[in-house]
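1. The sequence isn't on hand, but the structure is:
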């Protein structure tokens, strides 16, 4: 095969990849940025409201277990509120997006395009790694490393989503979790709540910014 034929073959493969992405509008619309910015910003602020006071109080009293009950109860309430609010918000967004892009064909829904036989090989290992690591790290007395391991595993899941929907914000999120997860391995036990905020609070803010930037870029391309 000549060099020119190789170049033509590479161009054909790239064109085929673009065609596949364009022919899957349900999945791209399902993972569109609408609604994610306010949710991500609120989740980031909520994470800060839990992690930063928790770290300050832990440093002041020597450990989280020694924090006065009134303070620890308030912190757990903040965390529970953030988790519940974020989960409900995500569910509402997914249901709304799934309804908006539904074609009436049960074999062509956004959800069926996303949850496929191929994605099982990403989803199942992702949760197995997190669950096994959580149990193991808890048993050996180093539970804070769960935050680092979860972040590193999330990188692969986020980058997989990015390859499926061709939206760079998920790639940005993936690299953020990978870098912060790897760095936190060396420091997480010294200031666990700070690193939880850096990883997950930072992820929320980075994701929101990348969504806004990608929205502006898409708007310019549409003009």
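-> Looks like it arrived, so ask away. Given the structure is predicted, the values throughout are model-derived calculations rather than measurements. Numbering: from 1, shown residues only.

2. Please name the residues that touch residue 80.
-> The neighbours of residue 80, taking C-beta atoms under 8 Å, 6 or more residues apart in numbering as the test, come to nothing; the list is empty. (Each C-beta comes from the backbone N, C-alpha and C, glycine too.)

3. Would you point out the helix or strand in this structure whose mean pLDDT is lowest?
-> Of all the helices and strands that make up the chain, the one with the lowest confidence by mean pLDDT, DSSP states H and E is helix 110-114; it has a mean of 52.

4. need the next SSE after it, C-terminal direction.
-> Later in the chain than helix 110-114, the nearest helix or strand by DSSP states H and E is helix 117-139.

5. Return the distance of that following helix from the chain's centre.
-> For helix 117-139, the distance from its own C-alpha centre to the chain's C-alpha centre is 15 Å (C-alpha atoms, centre = their mean, to the nearest Å).

6. Report the separation between residue 35 and residue 123.
-> Computed with C-beta to C-beta, to the nearest Å, the distance linking residue 35 and residue 123 is 23 Å.

7. Between those two, which has more neighbouring residues?
-> Neighbours per residue, other C-beta atoms under 10 Å: of residue 35 and residue 123, the larger number sits with residue 35, 16 against 13.

8. Quick one: residues contacting the residue lying closest to the more buried one once chain neighbours are set aside.
-> Of all residues beyond its chain neighbours, the one nearest residue 35 is residue 93 (4.8 Å), with distances taken as C-beta to C-beta, 6 or more residues apart in numbering. Residue 93 is in contact with 35, 36, 39, counting by C-beta under 8 Å, 6+ apart.

9. surely the second one meets residue 209?
-> Yep, that's residue 36 we're talking about. No: counting by C-beta atoms under 8 Å, no contact exists between residue 36 and residue 209, whose distance comes to 11.3 Å.

10. buried residues in the longest helix along the chain?
-> Using DSSP state H, we find that the single longest helix of the chain is helix 69-100. When neighbours are counted by 16 or more other C-beta atoms under 10 Å, the buried residues of helix 69-100 are found to be 72, 75, 78, 79, 82, 86, 89, 93, 94, 97, 98.

11. swap in stretch 124-139?
-> Taking 16+ other C-beta under 10 Å as the neighbour-count basis, stretch 124-139 is seen to contain the buried residues 126, 129, 130, 133, 137.

12. in this protein, which ranges drop under the pLDDT threshold?
-> Low-confidence segments of the chain (pLDDT under 70): 1-34, 97-118, 215-223.

13. again, 80 this time
-> Counting by pLDDT under 80, the chain contains low-confidence ranges at 1-36, 90, 93-122, 161, 163-168, 214-223.
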